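*Asks:* generate coordinates for the sequence data below:
(2 chains)
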2 protein chains.
Amino acid sequence: MTSLADSPNLPAGTETDVPDAEQAPQVDVAALGELLLGTWAEVRKEARQLAAKPELHKLEGLTHTEHRERVFGQLKILVDEGAIQRAFPKSLGGQENHGGNIAGFEELVTADPSLQIKSGVQWGLFGAAVLHLGTEEHHRKWLPDIMDLTVPGAFAMTEIGHGSDVASIATTATYDEATDEFVINTPFRAAWKEYLGNAAKDGIAATVFAQLIVKGVNHGVHALYVPIRDPQTKEPLPGIRTEDDGVKGGLNGIDNGRLCFDNVRVPRFNLLNRYGSVDEHGNYSSPIASPGRRFFTMLGTLVQGRVSLDGAAVAASKVGLTAAIRYAAERRQFNASSDTTEEVLLDYQRHQRRLFPLLAATYAMSFAHEELLAKFDGVFSGAQATDEDRQDLETLAAALKPLSTWHALDTLQECREACGGAGFMIENRFASLRADLDVYVTFEGDNNVLLQLVAKRLLNDYAKEFRSMSVGALAKFALGQARGVALKTGLGAVAQFIADSGRAQRSALALRDPDTQRLLLAERVQTMVATAAQSLQGATKLPQGEAAARFNTVQNDLIEAARAHGELLQWEAFTEALEKVEDAGTRQVLTWLRDLFGLTLIEKHLEWYLMNGRLSMQRGRTVGEYINRLLVKLRPHVLDLVDAFGYTQEHIRATVASGVEARRQEEAAAYYEALRASGKAPVKEKNKGKAANR
Amino acid sequence: MTSLADSPNLPAGTETDVPDAEQAPQVDVAALGELLLGTWAEVRKEARQLAAKPELHKLEGLTHTEHRERVFGQLKILVDEGAIQRAFPKSLGGQENHGGNIAGFEELVTADPSLQIKSGVQWGLFGAAVLHLGTEEHHRKWLPDIMDLTVPGAFAMTEIGHGSDVASIATTATYDEATDEFVINTPFRAAWKEYLGNAAKDGIAATVFAQLIVKGVNHGVHALYVPIRDPQTKEPLPGIRTEDDGVKGGLNGIDNGRLCFDNVRVPRFNLLNRYGSVDEHGNYSSPIASPGRRFFTMLGTLVQGRVSLDGAAVAASKVGLTAAIRYAAERRQFNASSDTTEEVLLDYQRHQRRLFPLLAATYAMSFAHEELLAKFDGVFSGAQATDEDRQDLETLAAALKPLSTWHALDTLQECREACGGAGFMIENRFASLRADLDVYVTFEGDNNVLLQLVAKRLLNDYAKEFRSMSVGALAKFALGQARGVALKTGLGAVAQFIADSGRAQRSALALRDPDTQRLLLAERVQTMVATAAQSLQGATKLPQGEAAARFNTVQNDLIEAARAHGELLQWEAFTEALEKVEDAGTRQVLTWLRDLFGLTLIEKHLEWYLMNGRLSMQRGRTVGEYINRLLVKLRPHVLDLVDAFGYTQEHIRATVASGVEARRQEEAAAYYEALRASGKAPVKEKNKGKAANR
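*Replies:* Numbers count the residues shown, from 1 in each chain, chains lettered A, B, ... in the order given. Got it, this is the predicted structure:
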C-alpha cells in the first residue's frame, strides 16, 4: 500500500532543524499576544481589566448560599460598569456587537466561572431569547429591565425527562380563545423544567419553552415570557412551583433549580413570536412553513451559548497552563541537598510530554475559537447570514465546543497533577476551575450529542458529494497545496482539497511538512465517514427499528469521525494563524508548536494511519521520536508562549505561579551555603569514614 | 515479520461465541459477590454495615470547618464501634490482622472519603509510624491513646520543598548530649512540614521525620514522636508554629496544615528507634548497617497507605459504575413522545463503549487489589516476609496504585458525563467522589514517580536476566501455557513465561484466547524495557549529568513500560480469578469481561503491536470489531455485574440510581396513554392536513 508521507530522502527533524545558539529564535511576546487577542482585542482587554477586580473574583470556601449572593452582586457590578449591553439593540443603549459581546463574556471565566455562566443565563439565554425570538414590542417592553437586572430571569427549556432532545419537551402552552391567553402547564413530573440558572432564587421571570397548542394543533416548541416570582416578595406567583437543585459539582454561585407550571396564564402578547404568531382570532402563522425548519431556526438563535463555552474553555486552559508551566520552571525535586544543581521539573521529558502537547492544543483551540467567533459575528450581524452560513456556524460550534471543553478538563487536571499536592490546594485554583468547568461538557449540548450532529452533517455531505465513489476510489486521492479547506467546515471542501492534491502525490515530504499533516488529518476524516456511510448503505430503506440498529453499529465510529473533523478544523486554524505572524523567530517557534499539535494528533491515532496504509511502519516509528525532539526545541520558549496569553497574576491568582517557590529555594540554598562555610555542616553517615580519614 | 496472534483458521468472535437464547448464560450474582469480597469478606461486610450508617455519611454543602468537625466526630464513632484496632498488637487489644485492617478501612470510602483518609492519617500513618518504627516501650506508652483518639496526631514527613523525595527533607533532629534530648528544627520556609492531616486543628502530637544528627554525623531520615499542641487548650506548644491549608479540591473533612519547629526539644526516648537508636552516651546504632537500605526499610513499613488507596479507588469506581449503569438501564432519550418505545441509554453503542470497558477494568483492578492485599498481609504478618517479598510488595503497590487511582477519576468522570446534567448534581455523588479522590493520584507517592520506581525495578531485572541477550533474540520468544507469571511481579518471571512458551509459537490462536492476550501484554512490557535498556547502555559510565540526560530521553517510554507492566498484572489477576469461578454461566460472562479488558488494552496500544510486528494489519483491524461484539454480548449482564459489587443504596446514595427515572417515565407514559384515549390529544402541525382529511 502506498504510504503517502513516507520519504527516504528527507527524514523528519534533520539536523538543520536545530538552530545554532546565535540563531536561536526569540518569541515576540507582545506581538503574539495581540495575535491571540484576535479580532475583538480591545473588548478582551477591557474585559480582562474588569476580570482583574478583586470584587469579581471567586471567594473559595463560601457556602453555596453565600456564593450565590456574591455572584448576584457581581452581576450588578457588571451592569454598573456598562459591561453587558454589547449584544443588545442600539435603540436600547446596546452596541449590536455580537462577536465582541461573546469575547467579553468569555474573559469573565478567569474571575469566576459562576459569574460567566450566571451572566450567560441572564443576558445570553434569558435576554437573548427575548432578543432573538421576540419582536420589537417585546424588546421595548422587557429588554431594558433585563439589561439592568431589574428582572433576573431563567431560560426554561430543559426538562427532567428531556435535555438534549428539546423537540420532545412536554410542557404545553395552550391558547385559550375565550380569554385570549396562553395556559402554560406541566403535565407530569418528568416535564418539570430542570437545572435552570436563576430558577431556585433570583429569577422573577422566565422564557418558557413549550409545545404551542392552538385550536387542537401542536405547532411545536415555542418560547413564552412568563413571570414566575413577585418582584417585591420574591415569592413564587400562583401556579408556579419551584425547587432548588442545591449543591452541584461546581458553579455553586448559580441558583439552579426547577420550575413547574400549574395552568399558569399569560397574555397572548407574551408569546415570543418572531417565528410563530397567534393573531387575535386565534390563528397561528409563521414565516417558516416547515415545522422542522422553524424549530431548528429558533434553536439556532441560541448557538451563542456553545460559542461562548468554547471560548471560556480555552481561556481557562490558558490560565491553568500559565500557572503550571511557571511553577514547573521553578520547582526542583530530587538531589536537592547535593552539590549539583537540580533540574527544574520542566526539564524532565515526562513533564514536557504532559504539558507541552496541551499547550499546543490550547493554541490551536484559541485560533479555532477566533474563527468560530468571526463566523458567529457574520451570521448575527447579518453580514454573512445565508442558510449555509448558519449551518456552517452550527456545525463549527458543535465540532469545537466538545473538543475544547473536554480539553479544558484534561488540561486543568494535568496541571493540577503536575503541581503535586500544591495543585490540590484550592489557592492554586486548578481544582476549583476544573470543578466549575466540569458541566461545560454536558450543557448547551452534551458533547457526545453535539459530535453526533457533526457526524450527521458529514454523512449528509458525503451522500451529496460521493454518491458514486467507492472507498477505494477515495483512497487514491493525495497530497497538495490547498489552504484552509476544513474551516469551510463541510466535508465537500475537505474532499476537494484532497482531490486537488493528487498531483503532488509523489512528492517527498516529511511529517513536519504542513501539507503532510493536513493530508493525514483530512484523509482520516474522509475515510472514516466513507466507511461508516458504506456500512449504512441501504439503511434508510429499512424499517425504523432496523435502521436504528444499523446506525447503532457505527455510532462510536461516527462520533470519532466527528472528533477527527474537529481536530482538523483546529489544525487548520492554527496553520492559518501562522501566516499572520511576521516575526521570523515567533513564526519558527509557533511552527514547532503547530507541528507538535499535528504530530500529537497523528500519534494518538497512529494505529489508524498504519492500518489504513497512510504511514509505513518505518515512518510510524519516527512520530514519537519527532515529538520528543520538538519538546526539546520548545523547552526554551514555553514561558514566552504562556506569557503571550496575556493573563496577569490578577487573573492567574495561583500561589505556585507567584515566584514564591524560587524565593524559598534561594533561602534554602543560602542556608546550606552558610552552613558549609561555617564548617559545622554535619557529615553524612556514609561519608563518615572518609571524613575521619581526611 | 511474524505476527504471533494471526491465524486464518480460527478468527476471533466466530458465531459459536453467540449462545442460543435458551443457552444464554446467567450470572450467579451472590457467588460472584463473594468472590469479589475476597479473602477478608467478613471484615468487608462488617465495614459496609458500618459505612451504611447515615451518621458516617458525607453531608454536602458544609463549610470546610463544619465538615472537619463532623469527620472528627465520625472518628470517635469508629472508636466506639471497635472498628479501628485490627492492625494493632493483641497485647493492646488489637488483632494483628493486617490485611483485614486495610480491607475494612477501604470500605469507608463509600461513607465519606474524608473519613477514610482521616482514619488513615490517625491509625494508618501516625499510629502506624509508632507501631512500625517504634519499639514496645513506645507502643505501650503511646498506642492506647492513639487508638482511642485521646491523642489525634499528624504524620509529619512531607515538606513544602520535598514531597516525593523524602531523603532530601531538611528538618533536623540534633542530639544534645548536655540534656539528653533531641532538638527538632525547621531551618527555612521550604522545610515546613506541609499538607499534613490533623496539623491544622486536631493534632496534639506528630511523628516528625527529620535528618537525625548525632555528634556531627547525619544518620539520615528518622522519625520522632513530638507533642505539638496542649491537649486541653489545643494551642500550639512553645516553639511550634502551625498554618492551615484551608480549602482544598476535596477531602475538606480533613484539617490539612503546616508545621514548623523552632528548636523544639523532646526526650531521647521519643526517637522511634526500631531501625536506629541513640544510647545514653550519645552513640548511634542501627540493626541495618547501610544508611540507604535502612532508609528504604523504614519507608517500606509505610506501604499500607498505597495499598489502601488502591483498594479505596476500586471501591469508589464500583460505586460510580453501579449508579451510572443502573441509570442508563432506565433513562430514555429522543423520540420520547412518539409511539415507538425508546431505547434506553445502555442500548447505545457509544454508551456501552464509554462504560463497559471501565467496568471490565474495575473487575480487573478489584482482583488485582486482592492479590496486593494478600501480599501485604503476608509481609506484615511475617508469614511471607523475605527481602524479596518486601520488594515485590513495594513494586506491586507502586504499579497498581497509580493505575487504579487514575482509573477511579476517569471512571467517576465518565459516569458523571454519562448521566448528563444529573451527573453534575451533588446528590448523585459522582462529582463529590471525584473531587475527594483527586488527590489520591499524587499522595502516598505521586503516580508518575511511583511508575518510575517500577520502571527502575524492571530495568534492574532486565540487567540481571538479559545481560547477554539482544532485543532481536528476545523477539524470538513466543506463546505458551504458563500461568500467573506476572503476579510474581519481576520481569524475570515474565521472561521465563515467554521463553517457556516458545513451543506453542505456531499454534493458531485467536485474540480471545487468553494465551494470546497474555503474550501480547507480556511481550510489550519486555520489549519496551529492553529497548529502553539498550538506549541506556553504557550510561552508568557517563558523568552524572550526562547519564541523567540520557535517562531523560527514555523517561517517558520507561513510565509507559511500567504502566504496561501494571496492566499485565491486572490482566493476570483477572484471569487467575476466573479459575475460581465454578458456575459456568458466570464464568462465561466474566470471560467476556476479561476479554474486553484485554482487548481494550491491546486496542489502546494497537500502534505498538502493529509497529512491532506482534499483530498484522488484518488482525489489528479485527480488534475494534471484536470489542464491539463483546459489548453486545455483555449488555444483558451488566446490571448483574454491578449488583455483584454488593453495594446497597445506602452506599450508592445517588438519586439517579434509585429507580426514580423509571417511575417518572411510567407516569409520563400513562399521561400520554390517557390523553390518546380521551381523543383530545393535539394533532401535530405536520399531520394537520392528514387529520383534516380523515
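
*Asks:* start to end distance for stretch A:420-430?
*Replies:* Counting by C-alpha to C-alpha, to the nearest Å, you get 11 Å between the two ends of stretch A:420-430.

*Asks:* in chain A, which spans are strands?
*Replies:* Assignment of strands within chain A using DSSP state E yields the ranges A:153-156, A:172-176, A:181-185, A:193-196, A:205-214, A:217-227, A:240-244, A:257-261, A:264-267, A:277-278, A:284-285, A:683-684.

*Asks:* tell me which residues are up against the fourth one.
*Replies:* Think strand A:193-196. Counting by C-beta atoms under 8 Å, 6 or more residues apart in numbering or on different chains, strand A:193-196 makes contact with A:121, A:154-160, A:163, A:171, A:186, A:199, A:203, A:206, A:208, A:245, A:256-260, A:443, B:421, all of which sit outside it. The C-beta positions use only the backbone N, C-alpha and C, and glycine is treated the same way.

*Asks:* what number of residues lie near the residue nearest to A:Pro636 when sequence neighbours are not counted?
*Replies:* Nearest in space to A:Pro636, with sequence neighbours left out and distances taken as C-beta to C-beta, 6 or more residues apart in numbering or on different chains, is A:Ala24 at 7.1 Å. A:Ala24: 14 surrounding residues under other C-beta atoms under 10 Å in any protein chain shown.

*Asks:* read off the pLDDT value for A:Ala24.
*Replies:* Turning to A:Ala24, the model gives it a pLDDT of 88.

*Asks:* roughly how far does it sit from A:Ala584?
*Replies:* 12 Å (C-beta to C-beta, to the nearest Å).

*Asks:* identify the residue of the stretch 1-150 of chain A closest to chain B, quick one.
*Replies:* Minimum separation of the stretch 1-150 of chain A from chain B (C-beta to the nearest C-beta) falls at A:Gly61, amounting to 4.3 Å.

*Asks:* is it true that that residue touches B:Val247?
*Replies:* Yes - distance between A:Gly61 and B:Val247: 4.3 Å, which falls inside the contact criterion (C-beta atoms under 8 Å).

*Asks:* these two: which is more packed in?
*Replies:* A direct count of neighbours by other C-beta under 10 Å for A:Gly61 and B:Val247 places B:Val247 higher, at 19 against 14.

*Asks:* check contacts around that one.
*Replies:* Counting by C-beta under 8 Å, 6+ apart, B:Val247 makes contact with A:Glu60, A:Gly61, A:Ile426, A:Glu427, B:His64.

*Asks:* can you check A:Gly445 too?
*Replies:* The neighbours of A:Gly445, taking C-beta under 8 Å, 6+ apart as the test, are A:Ser164, A:Arg306, A:Ala398, A:Lys401, A:Leu453.

*Asks:* center of chain A, which residue is that?
*Replies:* In chain A, the centroid-proximal residue (C-alpha atoms, centre = their mean) is A:Asp310; its distance is 2.3 Å.

*Asks:* find the residues that touch each one of A:Gly61 and B:Val247.
*Replies:* Taking C-beta under 8 Å, 6+ apart as the contact definition, A:Gly61 and B:Val247 share the neighbouring residues A:Ile426, B:His64.

*Asks:* for the closest residue to chain B within the stretch 301-450 of chain A, give me its contacts.
*Replies:* Among all residues of the stretch 301-450 of chain A, A:Ala431 sits closest to chain B, at 2.6 Å; criterion: C-beta to the nearest C-beta. When contacts are counted by C-beta under 8 Å, 6+ apart, A:Ala431 touches A:Leu412, A:Arg416, A:Gly423, A:Phe424, A:Met425, B:Lys248, B:Gly249, B:Gly250, B:Ala435, B:Asp438.

*Asks:* kindly report the same for A:Phe443.
*Replies:* Contacts for A:Phe443 were tallied using C-beta under 8 Å, 6+ apart; they are A:Tyr195, A:Leu309, B:Gly421.

*Asks:* correct me if wrong: the second one contacts A:Val441.
*Replies:* When you say that, I think you mean A:Leu309. No - in terms of C-beta under 8 Å, A:Leu309 does not count as a neighbour of A:Val441; the distance is 9.1 Å.

*Asks:* need the overlap of contacts for these two.
*Replies:* Between them, A:Leu309 and A:Val441 have A:Thr405 as joint contacts when contacts are counted by C-beta under 8 Å, 6+ apart.

*Asks:* A:Gly61 versus the closest residue to chain B within the stretch 201-350 of chain A, what's the distance?
*Replies:* Ranked by C-beta to the nearest C-beta, the top residue of the stretch 201-350 of chain A for proximity to chain B is A:Gly249, at 2.7 Å. Between A:Gly249 and A:Gly61 the distance, using C-beta to C-beta, works out to 16 Å.

*Asks:* what's the answer for A:Leu272, then?
*Replies:* When C-beta to C-beta is the yardstick, A:Leu272 and A:Gly61 sit 41 Å from each other.
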